[in-house]
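S.K.: compute the structure for the input listed below.
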Amino acid sequence: MYGFSGGGMPSHIRTVAILPFDNRTGEPALAQEVSDAITTAVQGRLGLRPAPEARADAIVRGEIVRYDPDIPLSYEAAQGQAQLQVTRRRVQITVNVEIYDQRQGRAIWQRSGLAVDGEYQPPAEVAGRQIALQKLVTDIVEGAQSQW
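M.R.: As a prediction, this is how the structure comes out:
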């Protein structure tokens, strides 16, 4: 999907450590899901090898600052009832993220307040969250690639 011939990370960046994201939300599983998604994308799409933080050329770090799993998008009247039912909802995840070049001591790419979302049909919140996570990793990968 994405490669680094003619672009991408600086040539001296070959290894990366993905640090656990601080989770400032009430959803405990979210930190691991974000970490797993970023690890897969950075290794697969950016072609970087995992390494311990002390030996990594670059580190990815950040925090999950907001998680809203239940934003109503569309409604319809339930048959025989006067009240409306929500038929589509949206999950929204907001993060601060940085890719830091440990060799040169500077940020390669960073974004504060990066918000991504995923729509779902209730009660499939997990499906909406997976869509949002895919958008998150795409934004991170494309952001890193756009710097070089």
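
S.K.: hey, which strand is longest across the chain?
M.R.: Residue-count comparison of every strand in the chain, with assignments taken from DSSP state E, identifies strand 58-77 as the longest.

S.K.: rounded mean pLDDT for that one, please.
M.R.: Along strand 58-77, the predicted confidence averages to a pLDDT of 90.

S.K.: parallel or antiparallel, list what pairs with whichever helix or strand comes after it.
M.R.: Using DSSP states H and E, the helix or strand that follows strand 58-77 in sequence is strand 84-101. In the sheet containing strand 84-101, its partner strands are strand 58-77 (antiparallel), strand 106-120 (antiparallel), by DSSP bridges.

S.K.: following the last one, which helix or strand shows up next?
M.R.: Later in the chain than strand 106-120, the nearest helix or strand by DSSP H and E is helix 125-146.

S.K.: export only the CA atoms of that following helix, formatted as PDB.
M.R.: What follows is the C-alpha trace of helix 125-146 in PDB, where atoms were taken according to Å, rounded to 0.1, in the frame of the first residue of the first chain:
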ATOM      1  CA  GLU A 125     -19.700   0.100  18.800                       C
ATOM      2  CA  VAL A 126     -16.600  -2.100  18.400                       C
ATOM      3  CA  ALA A 127     -17.000  -2.000  14.600                       C
ATOM      4  CA  GLY A 128     -17.100   1.800  14.700                       C
ATOM      5  CA  ARG A 129     -14.100   1.900  16.900                       C
ATOM      6  CA  GLN A 130     -12.100  -0.300  14.400                       C
ATOM      7  CA  ILE A 131     -13.000   2.100  11.600                       C
ATOM      8  CA  ALA A 132     -11.800   5.000  13.700                       C
ATOM      9  CA  LEU A 133      -8.500   3.200  14.500                       C
ATOM     10  CA  GLN A 134      -7.900   2.500  10.800                       C
ATOM     11  CA  LYS A 135      -8.300   6.200  10.100                       C
ATOM     12  CA  LEU A 136      -6.000   7.000  13.000                       C
ATOM     13  CA  VAL A 137      -3.100   4.900  11.700                       C
ATOM     14  CA  THR A 138      -3.700   6.200   8.100                       C
ATOM     15  CA  ASP A 139      -3.400   9.800   9.400                       C
ATOM     16  CA  ILE A 140      -0.200   8.900  11.300                       C
ATOM     17  CA  VAL A 141       1.500   7.100   8.400                       C
ATOM     18  CA  GLU A 142       0.500   9.700   5.900                       C
ATOM     19  CA  GLY A 143       1.600  12.500   8.200                       C
ATOM     20  CA  ALA A 144       5.000  10.900   8.800                       C
ATOM     21  CA  GLN A 145       5.500  10.300   5.100                       C
ATOM     22  CA  SER A 146       4.500  13.900   4.200                       C
END
